[in-house]
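J.: Okay, here's the prediction I keep looking at, along with the sequence it came from:
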Amino acid sequence: NGMLAAAAALLLLAAAGPGLGPGPGRADAERAQQDSLREELLLSPLPAGDVAATFQFRTLWDADLQRGAVSHYRLFPKALGRLVAALGVRELHLALTQGFWRTQAWGQPPLQAPAGAELWVWFQPTVTDVDKAWKELSNILSGIFCASLNFIDSTNTVTPMASFKPLGLANGTDHQLLRYAVLPREVVCTENLTPWKKLLPCGSKAGLAVLLKAERLFHSSYHSQAVHIRPICRDASCLAVSWELRQTLTVVFDTFAGGQEKKDWSLFKMFSRTLTDACPLASQSKVYVDISPKNKEKELLEVTPTPASVHEAVVQGERRTYAVYDLLSPLLFNTSRSLNVQLKWKRPQDSSELPIPVLHAQRYVSGYGLQTGQISTLIYNTHPYRAFPVILLETVPWYLRLYVHTLTIITKGKENKPSYIHYQPAQDRRRPHLLEMLIQLPANSITKITIQFERALLKWTEYTPDPNHGFYVGSSVLSALVPSVIAMKDVDVEQSPLFTSLFPSSDGSSYFVRLYTEPLLVNLPTPDFSMPYNVICLTCTVVAVCYGSFYNLLTRTFHVEEPSRGGLAKRLANIIRRFRGVPPL
Amino acid sequence: FQLTVPIAVVFAPGTVPRDLPRPLPFRDMQEMEIPVNLRTSVTSRYEMVYRSTMAQEEAALGAATAREADAALRPLQDASLGSLTMYVVPETSSLLPQGISIYVGKHRSALVRAGGDLATLHTRLRQVTQVMSFTASSIAAALSDRVPDGQLGPDARRHLKSSLGYEITFSLLNPDPKSHAVDWDIEDAVNRYVQPVLDKLSLVANFSVDSQILYYAVLGVTPRFDKESSSFLLSAHSLPHVINPVEARLGSSAASLYPVLNFLLYVPERSHSPLYIQDKDGAPVSTNAFHSPRWGGIMVYNVEAPASAQASLPLHVDVDMVRVMEVFLAQLRLLFGLSREELPAEFLLERPGNEGLADWELDRLLWAHTVENIATVSTTLTSLAQLLDKIGNIVIKDDVASEVVYRAVASAQSAVAELAVGHLHSAFQASKEAATSSERAFFDPSLLHLLYFPDDQKFAIYIPLFLPMAVPILLSLTKIVRESRQCKKEPTKMD
């Protein structure tokens, strides 16, 4: 349809920026350099007083990974490069996330990811057996990142038809080359962070990466680390391909978990480190602090030290002001040896001035009993006057049997007919349900989507450990081109901060948003797993008792009792006989 | 089993020993026993064909130098792998320099100076044959799993295990990117120096080459500062600790299962340069490099300090790839067991030239790898059989059995048979196939498909049955014992 075609066209536009210029003071490194590294940290205070820190490291390599038998790596990590070359990967997006980004309270994230592990890959058209390559790829990635991605199999892999377009250079989009999987149960921890850090050219020894200390990063309410690999245009004429590796890491630090009364933040408070230098290999190394005034009159935030420059940009439909610290500029470390950015609130925030994001969503499971249930999704469009379409992707495991005839979409009390539906029913133990819909969201509306399901009975080996905890259903994905409230200028993608450039920016009237809803936890009818053992115990005891008495009967030797030594039974019998007046035995 | 080397001994006119048993041409055979361990031994058999030179060969032998003769003789020989041709030249021949009696060429031939009687000729021939095919020690090294410890030389465990493929990774370690911006033209160096060798070796295995640059990768040992030479020193005994911290950064070969050969070029940080490696006696190692058996090699590349201390950092360094590749190629040969052994002074070996490897060296490698492959196959299949004996529940599916296990056995048998008749190439192919099949059989996922319950767990489940049943049995046993004791006691009471 038209919207998707527009999005694909935009992708090409976005990728076709001019090549990277050398950073200041890097003139000698310019010579025949084929790859470059840009690193940046974005600190954005969140409305609730929390603060989000987003790291982005972008390695750009002017080489075609797909060709050439001998490959020589410099900044690009060899492990990933070999993977891309060996398995015919055109685009790879892997995210490992702990926690949930609360869009409603925190606003639009720079880059959201669903809880758990998410992997989506576009393969080259030359790959003949996509499923085999996908299986191999997930196994190798699970080895590289120490994650349980090897649990990705046909029961949780889908091929979405509309939601996931290639973000990089692509000619032709045959959706059979796309694979998407989410593992909502995956727990992200230090062992996933260490290999991720190892992929950085400077490791965690220099530059912004020194802040990445595991004990602070995981002491947070949201942690998401991602790897994006895609081919992009080398220059404006787009005759050659460059490969881009983007490593992003987003953390949300909690005010209250920090145990501080004041909502003031500093780099040292967040990471227990300060910045002392840039990575010597980076051509750009910057720290951005979001200081956009929430209302016109007064600035809320005070940043120290005074930033050298201020950058204004329109990001995701909002005008934002960033204080910029360039770690490569020699002025920065003149006065002090290290950079410790501090944020101070000038006055307390009131919750009334929280900006509500234009698009956000909620999802929950309802119903009672262990037979049927209902998944409900609420999608909010808070735009005052513009309607826009959204693509909803639902992946539901096969053991929840969806009834498609119960699918209802209701907006403002009226039924809302989706303009496009792609439904792929599940096959037991083979593949999950896939439901994709293009839904028109009227201005200022709430759309409720419900679908009923029946819970299946699993075989006893199919239950996960701790089955009473419940079974996860992965987040559903919302992709939309959201109309902007304010007009956006056409900005040069290469010159603007990195976080604006992964998703295509657009023609100025709308911007691309991808949101993930909450993962669901559904209880399935769970048998008592100790029952077989109990039954064995009980039967065995009964058998043993029977056996004991039989054994007694068979092996006991019977003696003729001597009358003088009467047993208890005989004495009792004699007492009874005496009562009856019969002579005793 | 038996290894057969076909050898052609060609006598130039006037070199035929007087005590030759039969007139030329004739065939002869010599056998030699190589004991491996108490039970196994390998018989090496040399099938000699004695003949006199043909006209063309005579013309070739008339060349001015041994090298030219070697080149001219090349098209006249039996070119199949593993076969050798020895040319016996007159004692007074000017082909061989003074004092040299044996010349080994680039291909599969050697020139031997006639030494009077047959006995001296035989010893010389045997020496050449062993140099050019295999020796007892190289066979023992290939069968190192079976040779009892202590009987192996120090080199035996250095060689890489035979495998279907190898990955060669060149890594440049730059622990101090702030002061050194190191560049190396690895692409050109690989094409120029490494690729010819690998092309030659492509018969043995598949090779893939890549390179990477690692920043902030430091060695695990802090070098000692030496005031005398104002340099830093790494002593030989600390070298084992150098590799481990680096290895974590090297990146595993996630995309393949082949063994990786690592060659590291370490540019020491500015505060630690120059850095030199000391050997056991404390003398600096001339190449400033060392290798680790079955792993790869490390070379330290010192950057010259800038003339003025105020030179702008980072200092730009272009690595001299010729110097580096010389060391790495030598290490590569070492790792493949192709080091030139100490030979008697009368030997002269032709330099292998640009290919880096003579034909007969390739043969040596093939002999060793074939023997090793066959040994590996038999070990793998034996341990699979042992595993089956131990755990009866393992299911071997029919397709695994027929396609993989039987094929492995058949290929191994044909490899042994081909070795016995001296067809090295087909023997090597068969042994390779056998090794692949046996590995596939051993690692077939269907073997682990069924959960298996160990016997002790099964027993534990039935404890509720066995325990109450045991009680009356034990009680009656004690009763029997007690009664039998009383029976013994009672007669004494009677008395």
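T.: Perfect, thanks for sending it.
J.: How about residue A:515, nearest residue that isn't a chain neighbour?
T.: Among residues not flanking residue A:515 along the chain, residue A:478 sits closest, at 4.4 Å (CB to CB, 6 or more residues apart in numbering or on different chains). Quick note: C-beta positions are derived from backbone N, CA and C, even for glycine.
J.: And what about the one you found, helix, strand or coil?
T.: Classification of residue A:478 by DSSP: H, G, I helix; E, B strand; the rest coil places it in strand.
J.: Could you point out which residue ranges in the stretch 401-550 of chain A have low pLDDT?
T.: A:486-502, A:504-508 (pLDDT under 70).
J.: Can you tell me which residues in it are near chain B?
T.: Proximity of the stretch 401-550 of chain A to chain B, by CB under 8 Å from any CB of the partner chain, involves residues A:533, A:536, A:537, A:540, A:541, A:543, A:544, A:545, A:547, A:548.
J.: now these: which count as buried?
T.: Buried members of those, scored by 16 or more other CB atoms under 10 Å in any protein chain shown, are A:537, A:540, A:544, A:547, A:548.
J.: Which of these fall in strands?
T.: Using DSSP state E, no member of these falls in strands.
J.: Residue A:545 and residue B:469: what is the separation?
T.: Spatial separation of residue A:545 from residue B:469 under the definition CB to CB, to the nearest Å is 9 Å.
J.: should've said residue B:399
T.: Residue B:399 sits 44 Å away from residue B:469, going by CB to CB.
J.: Between the two, tell me which one has more neighbours.
T.: The neighbour comparison of residue B:399 against residue B:469 (other CB atoms under 10 Å in any protein chain shown) goes to residue B:469, with 19 against 10.
J.: residues in contact with the more buried one?
T.: Contact analysis of residue B:469 by CB atoms under 8 Å, 6 or more residues apart in numbering or on different chains lists A:543, A:544, A:547, A:548, A:551.
J.: ok, now which ones touch residue A:136?
T.: By CB under 8 Å, 6+ apart, the contact set of residue A:136 is residue A:87.
J.: would it count as being in a helix?
T.: Yes - counting by three-state DSSP, one finds residue A:136 located in a helix.
J.: okay, it: pLDDT?
T.: With respect to pLDDT, residue A:136 scores 91.
J.: and if you look at residue A:233?
T.: In this prediction residue A:233 is given a pLDDT of 82.
J.: Just give me the neighbour total for the closest residue to residue A:342 other than its chain neighbours.
T.: Here the nearest residue to residue A:342 in space, its sequence neighbours aside, is residue A:266; by CB to CB, 6+ apart that works out to 4.1 Å. Neighbouring residues of residue A:266 were enumerated by other CB under 10 Å; the total is 16.
J.: Spit out the contact partners of residue A:266.
T.: Neighbours of residue A:266 in contact, by CB under 8 Å, 6+ apart: A:340, A:341, A:342, A:343.
J.: Which of the helices or strands spans the last one?
T.: Spelled out, that is residue A:343. strand A:342-345 (DSSP states H and E).
J.: Alpha carbons of that strand, in CSV - could you do that?
T.: Presented in CSV, the C-alpha positions along strand A:342-345 are these (Å, rounded to 0.1, in the frame of the first residue of the first chain):
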residue,chain,number,x,y,z
GLN,A,342,25.6,17.7,36.2
LEU,A,343,21.9,18.3,35.9
LYS,A,344,20.0,20.4,38.4
TRP,A,345,16.3,21.0,38.4
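J.: Now do the nearest residue in space to residue B:220 that is not next to it in sequence against chain A, distance only.
T.: Nearest residue to residue B:220 in three dimensions, chain neighbours excluded: residue B:245, at 4.1 Å (CB to CB, 6+ apart). Distance of residue B:245 to chain A, computed by CB to the nearest CB, to the nearest Å: 12 Å.
J.: count of residues packed around residue B:245?
T.: 13.
J.: Give the other helices and strands that the helix or strand hosting it contacts.
T.: Per DSSP H and E: residue B:245 is located in helix B:243-250. In this structure, helix B:243-250 packs against strand B:165-174, strand B:206-215, strand B:260-266, with contacts taken as 3 or more CB pairs under 8 Å, 6 or more residues apart in numbering or on different chains; DSSP states H and E.
J.: what's the burial count for residue 459?
T.: Just going to use chain A. There are 7 residues near residue A:459, going by other CB under 10 Å.
J.: was after chain B, sorry
T.: 11.
J.: got the phi/psi numbers for it?
T.: The phi and psi torsions at residue B:459 (degrees, to the nearest 10) take the values phi -60, psi -40.
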